[in-house]
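Asker: Model the following, please.
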Amino acid sequence: MKQTAFYLGLGALLTHELDAMPNHEWRVLPLLRALPDDIASVVFVSLHLPLFAALIALVASSDTATRRYSRLGIGAFLVVHGLAHFLFMGAANYEFSSLLSEALIFGGAALGLTYLALEGRDSRAAAAE
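Answerer: Numbers count the residues shown, from 1 in each chain. Predicted coordinates:
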């Protein structure tokens, strides 16, 4: 269940980034919103290539500690990301109002929280042994 929550949460995050394009997410990001749309969208997409490559490498690392901490970090990011979207909902340029967008964002946050809770439970159980 824990791994399923993690992978579904990661999948929700990656799919959300696909959904971010028609919703012009760069328009609410502090550094990118100052740029013209045609430049900001290219920068937004371009930055995701090294970001996704690094995330996949970290969560698939053969080093157990790297893999564990990376997954914890992504779980925490999913929760913070959901909170950030909640706070941006009132912004003039915020366009994520569809059921799909909200399911990816807040579903991902719930999955991240679930993963963190299950990881915490497993860590406490291992420490008790």
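Asker: contacting residues for the residue lying closest to residue 32 once chain neighbours are set aside?
Answerer: Setting aside the residues directly before and after it, residue 32 is nearest to residue 26 in space (Cβ to Cβ, 6 or more residues apart in numbering), at 3.9 Å. Quick note: C-beta positions are derived from backbone N, CA and C, even for glycine. Taking Cβ atoms under 8 Å, 6 or more residues apart in numbering as the criterion, residue 26 is in contact with 32, 33, 35, 37, 40, 41, 43, 44.
Asker: How about residue 83?
Answerer: Residue 83 makes contacts with residue 109, as judged by Cβ under 8 Å, 6+ apart.
Asker: Next up, identify which helix or strand it is on.
Answerer: helix 64-88 (DSSP states H and E).
Asker: Just the buried residues of that helix, please?
Answerer: Under the neighbour-count criterion of 16 or more other Cβ atoms under 10 Å, helix 64-88 has 70, 71, 72, 74, 75, 77, 78, 79, 81, 82, 85 buried.
Asker: related to what we said a few turns ago, and the residue nearest to residue 32, its phi and psi?
Answerer: Geometry field for residue 26 lists phi and psi as phi -60, psi -20, criterion degrees, to the nearest 10.
Asker: Where do the helices of the protein begin and end?
Answerer: Across the chain, reading from the start of the chain, the helices by DSSP state H fall at 2-20, 37-59, 64-88, 99-128.
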